[in-house]
Structures are given as C-alpha cells and as structure tokens.
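Undergrad: sequence? don't have it. structure:
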C-alpha cells in the first residue's frame, strides 16, 4: 500500500505514511486527521480518493471532501492580545440527565476560554431548578452562576404551540429556542453557547477586541437544516458550510440581526417553523447554531474567521468525572462531547 501511494503522490507527508501503516482501521485515521495540530496533506487526499473509488457506499455516507477542507483550517486564527480580550457570558441549556456534568463542563470552560467569563447562565427545566441551585461549585466567584427556569424565558403561549406540534421532540425544539433567544436578549459582547455535554480542552480565543470571532465548520451537513432556511432566502445566502459544532460564540447584536428575518418575534419565528419544517424528519431544523452562523457568513464577512473544530465524541461512562482521562484528550483535541447515546 505504501509503495503504491508513493508512486501516485510524489511529495508525500511522511508522518502521515507512518501513521497509516501503524493503524489498522480507517476510522482511526479519520480520527487522527481531526487532531488539532494535524493538517491533511497530499497523502490524505490520495487515501480518501482511492477508497471513494472502490467503496461507493462509504462515499455516500462520508463527505470526505468536506472533511478534508474543514480539517485544514487553522486552529487559532485570532491573535490574543493580553488584557484586551472582551468579557463574555457562558450559556448552557441542560436536561435532567446532564446536570451531573455541569461542574465538569463549566470548570473546563473557565480554564480554556481566553475570553474572561463574567457570567454563567444555566437554563434548566422547572422541575430541576432547586437541584441545580444545590450544586456545590468548586471554582471561585460562584456568585457568577445564574440558574434560570426555562419556563421564564419562552412564553407559555409559544411553549404550548410547540408542545402541541412536536410532542416527543418538544424538549429538543425548546432547547433551540432557549439558546438563540437568551443570546438575543443579552447585553454582553459575546455569549459562548455550550452544549451541556461538551467539554472544552484547549485554550482558545473566541472573540477579539475588534469584534471578530471564530466559527467552526463541522463535517455534518444535514440537508433538512438548509432546506428549512432556504424558505427565508435570500436572507441566509448560499449555505455551503455546516456549523453543528456543539459550542459557538454568538454576539448578541448579531443574533438580533440574524432573527430579523422573523422581525425578532417569537410568535413569527414559531409560525415560520410550523409552516416550513419537514414533518416526519427526526431532526428537521436548527434554530440556534445554523441561523446564527449562516447569517454571519452571509452578512458579516469581516466579523469572523473559520477555525478547526477538532471535536471527538466519547462514551460518557468512560470518562465522566475523571479529569485525568479527560486531560489525556487535550493533547489532540479542542473539545470532547459525552453523548449518552454513543
């Protein structure tokens, strides 16, 4: 295999060759290319092209061209100037099963955001408010934590419409409303929206003093998300990149502009959702990450830089509350997500 690839590709990256020859499973090589310090090279393109040629099924389920492009992005495109990083808020919308992760997730976010975090907002179901308030935080300045009842953020009239329409998907839909609307209501310079099962591992500047932020394209390109937003065209432009990145810095003044397609009205947003979402699709739209990122990409071209995502999904029971194991991932990844369904 090595001889064939050397003949096909004259200027190989020999580090890639060594890794490929040592690793027995293709999935491990894919994981290797997501490492924050690794950039796919000529060999990587050759390996994927060869496999796509002989494995049509794989080509259908894995967009290797998109994968290669997003993993060639710089890891930290914004320059950090000491003492000039804007303060930001941290926002987590959590379900009951993820409350046990909050201490771990927040602690790592505080350690790895190069933007000082001035306020931590945690939105929980009404039944979990008291449980969340009883958490004993290990970090300083615990008074910066604000526990919010989800019912106090989205009006009952909107919640009832969503419950009636989406039934078992209601919680998933409501979480998206909570994220984008809470950001839009903020007066902070930026809000780092972080999935409650995602742990940040590497120091990163999310927003610089000039108001420029990072956006992290993801390999997942779920077409119903973009078909949904197409109904608001030309507002969101051509949507080539996806941004299902499990965390995203959002600037509230830009979030409000992103919601201007529905006149910054929850009622109008809900009417748009109910009219245009694809019925029967288990994941029919993205109101938070995609609406924000696609607006910025289309209308605020001087306000962002694309950065490498470098996220790994890990089984929750493997590392929960084990900081030593979590730290072992920090060498290679910017974040890990502890999805309970893995």
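TA: Yep, that arrived. Just so we're clear, the structure is a prediction, and the values are computed from it rather than from any experiment.

Undergrad: helices and strands of the protein: which one bottoms out on pLDDT?
TA: Every helix and strand in the chain was compared by mean pLDDT, DSSP states H and E; the lowest is helix 2-8, with a mean of 40.

Undergrad: now the helix or strand encompassing residue 182: buried residues?
TA: If you go by DSSP states H and E, residue 182 is part of helix 170-185. Using 16 or more other CB atoms under 10 Å as the test for burial, helix 170-185 gives 173, 174, 175, 176, 177, 178, 179, 180, 181, 182, 183, 184. In short, each C-beta sits where N, CA and C put it, glycine included.

Undergrad: same question, stretch 137-156
TA: 144, 145, 147, 148, 150, 153, 154.

Undergrad: show me what the host helix or strand of the third one packs onto, helices and strands only.
TA: Pointing back at residue 147 there. Here residue 147, judged by DSSP H and E, is contained in strand 145-149. Judged by 3 or more CB pairs under 8 Å, 6 or more residues apart in numbering; DSSP states H and E, strand 145-149 is in contact with strand 117-124, helix 129-133.

Undergrad: what's in contact with the following helix or strand past that strand?
TA: Next helix or strand after strand 145-149 toward the C-terminus (DSSP H and E): helix 156-166. Residues from elsewhere that reach helix 156-166 (CB atoms under 8 Å, 6 or more residues apart in numbering): 151, 170, 172, 173, 174, 177, 266, 267, 270, 274.

Undergrad: please apply the same query to stretch 102-114.
TA: 80, 85, 88, 90, 92, 94, 117, 120, 122, 132, 135, 137-139, 145, 192, 194, 196-206, 320-321, 323, 326.

Undergrad: so residue 296 touches residue 305, yeah?
TA: No: using CB atoms under 8 Å, residue 296 makes no contact with residue 305, being 11.0 Å away.

Undergrad: show the contacting residues for the closest residue to residue 67 other than its chain neighbours.
TA: Once flanking residues are discounted, residue 67 sits nearest to residue 219: 4.8 Å by CB to CB, 6 or more residues apart in numbering. Going by CB under 8 Å, 6+ apart, residue 219 touches 63, 66, 67, 70, 242.

Undergrad: ok, residue 219 to residue 144 distance?
TA: The gap separating residue 219 from residue 144 is 34 Å, by CB to CB, to the nearest Å.

Undergrad: now do residue 236
TA: Computed as CB to CB, the residue 236 to residue 144 distance reads 34 Å.

Undergrad: where do the domain boundaries of this protein fall?
TA: With automatic domain parsing as the criterion, the domains of the chain are listed as 2-70, 88-337.

Undergrad: mind checking those for the one nearest to residue 76?
TA: domain 88-337 (6.4 Å; CB to CB).

Undergrad: on the pLDDT front, check residue 321 for me.
TA: At residue 321, the model reports a pLDDT of 61.

Undergrad: next one: residue 327
TA: Value for residue 327, per-residue pLDDT: 85.

Undergrad: three-state assignment of it?
TA: helix (DSSP: H, G, I helix; E, B strand; the rest coil).

Undergrad: for it, grab the count of nearby residues.
TA: 12 (other CB atoms under 10 Å).

Undergrad: what sits against it?
TA: So residue 327 contacts residue 201 (CB under 8 Å, 6+ apart).

Undergrad: and it, how far is that from residue 108?
TA: Counting by CB to CB, the gap from residue 327 to residue 108 is 9 Å.

Undergrad: again with residue 41
TA: In terms of CB to CB, residue 41 sits 31 Å off from residue 108.

Undergrad: of those two, which one has the most company?
TA: Applying other CB under 10 Å to residue 41 and residue 108 shows that residue 108 carries more neighbours, namely 22 against 19.

Undergrad: what residues sit buried inside whichever helix or strand that one is part of?
TA: For residue 108, the element it lies in under DSSP H and E is helix 102-112. Using 16+ other CB under 10 Å as the test for burial, helix 102-112 gives 102, 104, 105, 106, 107, 108, 109, 110, 112.

Undergrad: got it, and stretch 218-227?
TA: With burial defined by 16+ other CB under 10 Å, the residues of stretch 218-227 counted as buried are 218, 219, 222, 225, 226, 227.

Undergrad: and stretch 190-208, by the same measure?
TA: So for stretch 190-208, counting by 16+ other CB under 10 Å, buried means 190-202, 204-208.

Undergrad: cool, stretch 261-276 as well?
TA: 261, 262, 266, 269, 270, 272, 273.

Undergrad: quick revisit: hmm, who's touching the helix holding residue 182?
TA: 91, 93, 95, 121, 123, 148, 150, 153-154, 158-159, 162-163, 166, 191, 193, 250, 252, 255-256, 258-259, 264, 266, 269, 273, 283, 285-288, 291-292.

Undergrad: all set, thanks.
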